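>>> Following is a predicted model, sequence given first.
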Amino acid sequence: MTGLLTGRVALVTGAASGIGAAIAEAYAREGATLCLVDISTGTGLADVAKRCEDWGVRTITLLADVSKEDDVTRAFADAEAELGAVDILVNNAGILTECRVSDMSAAMFDELIAVDLRSVFLCSRAAIPGMQRKQFGRIINVSSQLGQKGGVGLAHYSAAKAGVIGFTRALARELARDGITVNSIAPGPIHTALSSDLSDEWIRTLTESLPLGRFGYPDEVAPTAVLLASEPGGNLYTGQTLGPNSGDVMP
Ligand SMILES: NC(=O)c1ccc[n+]([C@@H]2O[C@H](COP(=O)([O-])OP(=O)(O)OC[C@H]3O[C@@H](n4cnc5c(N)ncnc54)[C@H](O)[C@@H]3O)[C@@H](O)[C@H]2O)c1
């Protein structure tokens, strides 16, 4: 542990697995106090919390559906009551479904936008007052390279993730003078439960097209989230989209 985040309170959404779990553990290694949020009632969240506590940091877990306004309000109230105002918010929770637009129901479109984009608005809005009081904050939104390049059968996902990038840029401008930075991370394909839902055809074609020739692992994304949250490394980034993406997109 180098203690880059010692004294900071970090709330990570979708922390029960994959990239969110890796970010939570990387933050624990750097000394952050943690609030881990997920919708999943499985053992994942408790397991991740245990691994974080093994680094000697205080860790709480909260069950919430971050696409729902009441859940988000309650989660932030509980987090603040237990740990104080959130310094670092990682909007990571997300889902992925696959369907061409011609076959897509409005319900499928709405659900994905709610979980992958509306949640980013709801959680950011909930975190801002505490960050403004401290005149310090780091909001880190997990987008996707598909928000930059688009993907067949993934128009709703691509739209949500492009929306996250636009939201990030606008909010970065709104909050810059409050000592709050807002950035996004747009990973390429990463080995997690979410990407295993992609069809075999998608995975084969994508792997062949990647300059680095392979999917990444969550541990290869988490250091970018540490950089953006830390001082002085993250100080000058705001409104940016960083791409640990195997070279899939070179903006
Ligand atoms: N895996 C990839 O290839 C990849 C690539 C680019 C971006 N991403 C993004 O990274 C983020 C994390 O994905 P992952 O690959 O680690 O997937 P994952 O499925 O392993 O983790 C997602 C987590 O979010 C939680 N979650 C889902 N809906 C929720 C809700 N409504 N409220 C609270 N929690 C909820 C899930 O329970 C799960 O623990 C997502 O935003 C995803 O879009 C993933």
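Alright, I've got the coordinates.

>>> Is the closest residue to Y237 other than its chain neighbours bridged to anything, and to what?
Distance criterion C-beta to C-beta, 6 or more residues apart in numbering; nearest residue to Y237, sequence neighbours excluded, is N183 at 5.2 Å. Every residue, glycine included, has its C-beta placed from N, CA and C. With DSSP bridges as the criterion, the beta-bridge partners of N183 are I140.

>>> Which pLDDT value belongs to N183?
What the model reports as pLDDT for N183 is 99.

>>> what about it, how many neighbours?
26 (other C-beta atoms under 10 Å).

>>> Same check on the one 5 residues further on?
Other residues within reach of G188 by the criterion other C-beta under 10 Å amount to 26.

>>> Report the separation between it and V221.
G188 sits at a distance of 9 Å from V221 (criterion: C-beta to C-beta, to the nearest Å).

>>> list the residues that contact both of those two?
Overlap of the contact sets of G188 and V221 (by C-beta atoms under 8 Å, 6 or more residues apart in numbering) consists of P244.

>>> so who does the closest residue to P211 other than its chain neighbours touch?
Using C-beta to C-beta, 6+ apart and skipping residues adjacent in sequence, the residue nearest P211 is G247, 3.2 Å away. G247 makes contacts with 188, 210-212, as judged by C-beta under 8 Å, 6+ apart.

>>> Tell me how far the residue nearest the centre of the chain lies from the ligand.
Among the residues of the chain, N92 comes closest to the average C-alpha position under C-alpha atoms, centre = their mean, at 2.0 Å. Using C-beta to the nearest ligand atom, to the nearest Å, one gets 5 Å for the distance from N92 to the ligand.

>>> Could you do V101 as well?
Applying C-beta to the nearest ligand atom to V101 and the ligand gives a distance of 19 Å.

>>> Where does the prediction get shaky in the stretch 1-150 of the chain?
1 (pLDDT under 70).

>>> what residues does it put near the ligand?
Proximity of the stretch 1-150 of the chain to the ligand (C-beta under 6 Å from any ligand atom) is limited to residues 13-14, 16-20, 38-40, 65-67, 92-96, 115, 142, 144.

>>> What are the boundaries of the helices in the chain?
Remark: helices assigned in the chain by DSSP state H are 18-29, 44-53, 69-83, 106-113, 119-134, 146-149, 155-175, 200-209, 222-229.

>>> Quick one: closest of these to R100.
R100 lies closest to helix 155-175 among these, at 7.8 Å (C-beta to C-beta).

>>> Could you export the closest one as CSV, CA atoms only?
Coordinates of each C-alpha in helix 155-175 appear next as CSV, following Å, rounded to 0.1, in the frame of the first residue of the first chain:
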residue,chain,number,x,y,z
ALA,A,155,-27.1,0.4,-30.1
HIS,A,156,-28.8,0.9,-26.7
TYR,A,157,-25.5,0.1,-24.8
SER,A,158,-23.5,2.3,-27.2
ALA,A,159,-26.0,5.2,-26.7
ALA,A,160,-25.9,4.9,-22.9
LYS,A,161,-22.1,4.8,-22.9
ALA,A,162,-21.7,7.7,-25.3
GLY,A,163,-24.2,9.5,-23.0
VAL,A,164,-21.9,8.9,-20.1
ILE,A,165,-19.1,10.6,-21.9
GLY,A,166,-21.2,13.6,-22.8
PHE,A,167,-22.5,13.8,-19.2
THR,A,168,-18.9,13.6,-17.9
ARG,A,169,-17.8,16.5,-20.1
ALA,A,170,-20.7,18.7,-19.1
LEU,A,171,-20.5,17.9,-15.4
ALA,A,172,-16.8,18.5,-15.5
ARG,A,173,-17.4,22.0,-16.7
GLU,A,174,-20.1,22.6,-14.0
LEU,A,175,-18.0,21.5,-11.1
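
>>> So which elements touch it?
helix 106-113, helix 119-134, strand 137-142, helix 146-149, strand 180-185 (3 or more C-beta pairs under 8 Å, 6 or more residues apart in numbering; DSSP states H and E).
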